[in-house]
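**Student:** Structural data only, the sequence is not supplied:
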């Protein structure tokens with residue numbers, strides 16, 4: 001198999017079905033991006049073993065997929081089957097997933113001694129220390145929770161939450177409201193006679209710094225915020 005091609009496969013009723021595809025278009029198609037199948041498929045053929053060039057009979061295709069239309073069959077294989085990744089694709093996906101995991105940990109956790117988030121580099125080094133293996137296909141949040149449990153053995157880490165009191169002038173409420181909701185849960189809110197908006201927001205302690213930065217940008221520094229004791 002050329003390094004420019006890869007295989008997508010699926011097993012149905014104990015029979016194997018494979019198509020030869022172009023790696024990057026195939027991955028994009030699987031991720032739901034708008035890519036024509038004509039740019040994905042190397043050949044309009046379904047194999048039982050692509051390496052050996054063994055083709056599947058029309059009878060077996062009909063029995064497994066209810067059709068002999070290669071386009072419809074390829075769509076099923078690409079979306080529901082297993083796509084063989086190239087080494088470069090796997091490397092890129094693992095690195096992107098690792099960045100997502102580190103960002104989630106940094107946003108959700110703090111050092112209980114300082115009440116500040118651990119820098120991303122420190123989290124990355126700790127993940128290496130505990131030999132955390134990143135799965136490119138597994139949900140980042142699920143893996144972040146698994147990683148946090150492992151990191152406790154090498155890193156002081158806490159997932160505590162804080163309640164933040166915030167008040168925003170009327171002219172910035174429209175843009176700021178959505179931003180506040182994205183950082184945490186609004187526990188209580190009220191409106192002032194001047195149109196200002198005040199709220200108590202519960203959020204992961206590690207998000208307080210980014211929260212202040214974001215709202216500072218939106219309100220041009222016209223914000224009142226403090227962590228409630």
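**Tutor:** Nice, thanks for sending it over. Here the structure is a predicted model, which is why all the values come from computation and not from measurement.

**Student:** Only the buried residues of stretch 198-209, if you could.
**Tutor:** By neighbour count, and taking 16 or more other C-beta atoms under 10 Å as the criterion, the buried residues in stretch 198-209 are 199-201, 203-208. Where C-beta positions appear, they are placed from N, C-alpha and C, glycine not excepted.

**Student:** Taking those, tell me the two that lie furthest apart.
**Tutor:** Farthest apart among those by C-beta to C-beta are 199 and 206. That separation is 19.6 Å.

**Student:** For residue 50, report the pLDDT, please.
**Tutor:** At residue 50 the predicted local confidence, pLDDT, stands at 94.

**Student:** isn't it right next to residue 21, touching?
**Tutor:** No - with contact taken as C-beta atoms under 8 Å, residue 50 and residue 21 are classed as non-touching, separated by 9.9 Å.

**Student:** what residues are shared contacts of those two?
**Tutor:** Common neighbours of residue 50 and residue 21, counting by C-beta atoms under 8 Å, 6 or more residues apart in numbering, are residue 7.

**Student:** Which stretches in the chain count as strands?
**Tutor:** With DSSP state E as the definition, the chain shows strands at residue ranges 6-12, 15-21, 47-49, 54-55, 82-83, 161-168, 185-191, 197-204, 224-227.

**Student:** tell me what the fifth one is packed against?
**Tutor:** Contacts defined by 3 or more C-beta pairs under 8 Å, 6 or more residues apart in numbering; DSSP states H and E place strand 82-83 against strand 6-12, helix 23-30.

**Student:** Look at residue 157 and say how many residues are nearby.
**Tutor:** The burial metric for residue 157, expressed as a neighbour count using other C-beta atoms under 10 Å, is 21.

**Student:** List the contacts of it.
**Tutor:** Contact criterion C-beta under 8 Å, 6+ apart gives 109-112, 118, 148, 151 as the residues in contact with residue 157.

**Student:** Helices - which of those land there?
**Tutor:** When the contacts of residue 157 are checked against helices (DSSP state H), the matches are 148, 151.

**Student:** Drop anything exposed from the contacts of residue 157.
**Tutor:** Among the contacts of residue 157, those classed as buried by 16+ other C-beta under 10 Å are 109-111, 118, 148, 151.

**Student:** low-confidence ranges in the protein?
**Tutor:** Residues of the chain meeting the criterion pLDDT under 70: 1-3.

**Student:** How is it partitioned into domains?
**Tutor:** Domain assignment for the chain, taken from automatic domain parsing, gives 6-83, 87-151, 161-227.

**Student:** Distance of the residue nearest the centre of the chain relative to residue 98?
**Tutor:** If you average the C-alpha coordinates of the chain and look for the closest C-alpha using C-alpha atoms, centre = their mean, you land on residue 140, 5.1 Å from that point. Here the criterion is C-beta to C-beta, to the nearest Å. By it, residue 140 lies 9 Å from residue 98.

**Student:** what do you get for residue 196?
**Tutor:** Noted for residue 196: a distance of 42 Å to residue 98, by C-beta to C-beta.

**Student:** what do you get for residue 83?
**Tutor:** As defined by C-beta to C-beta, residue 83 lies at a distance of 20 Å from residue 98.

**Student:** Likewise for residue 171?
**Tutor:** The value you get for residue 171 to residue 98, if C-beta to C-beta is used, is 41 Å.

**Student:** got it, and residue 75?
**Tutor:** On the measure of C-beta to C-beta, residue 75 and residue 98 end up 31 Å apart.

**Student:** So for the two, which sits in the more crowded spot?
**Tutor:** When residue 75 and residue 98 are compared on other C-beta under 10 Å, the one with more neighbours turns out to be residue 98, at 18 against 15.

**Student:** Sounds good, over and out.
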